[in-house]
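Model the structure of this input:
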Amino acid sequence: EMVIAAFPVKHWGARMQHDSYRGYNGYLIERRGRRILFAGDTAMTESFTALRRHGPIDVAIVPISAYNPWIQSHSTPEQAVQMATAAGARFIVPVHHQTFRLSFEPFREPIERLQATLSKTPERIALREIGETFVLPL
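Numbering: from 1, shown residues only. Purely as a prediction, here's the structure:
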């Protein structure tokens, strides 16, 4: 059995100015006692704290880019770490970076800021570069 639970995130749900009718969620996926958090697109929000009630989260997949100038809909690397930590995540998989230029921050800035933020616990960063593989320890 696999359980997928939606939870609220902070985004605007649109691709273009006039299609704001689209929804947006994050998801907590659980199977055999393992939990993966998929944040989707989100700005900083306190909703991640409530996820602790489900138990320890093994991996949080969180966005770390497109915050300049869209900080109201996207999180900084530091905010992504705050949200993953608030949820109780052991590992962090950063997404939404280094694949195409969407915003104004320098291309490698998000991953460099993430690494600086987690410099005391670098083992929490599951993947740093596009194309890497991560195996969740038992």
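
and the helix or strand containing I36, what other elements does it pack with?
Under the criterion of DSSP states H and E, I36 resides in strand 34-38. Helices and strands touching strand 34-38, by 3 or more Cβ pairs under 8 Å, 6 or more residues apart in numbering; DSSP states H and E, are strand 26-31, strand 57-63. Backbone N, C-alpha and C define where each C-beta goes, glycine included.

Which residues does the longest helix along the chain contact?
Among the segments of the chain that qualify as a helix by DSSP state H, the longest is helix 77-87. The contact list for helix 77-87 (Cβ atoms under 8 Å, 6 or more residues apart in numbering) reads 37, 39, 42-46, 48-49, 51-52, 57, 60, 62-64, 67, 75, 92, 94, 110-111, 113-114, 117-118.

Mind giving me the ChimeraX command for buried ones among those residues?
Remark: buried members of the contacts of helix 77-87, expressed as a ChimeraX selection using 16 or more other Cβ atoms under 10 Å:
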select :37,39,42,43,44,45,48,51,57,60,62,63,64,67,75,92,94,110,111,113,114,117,118
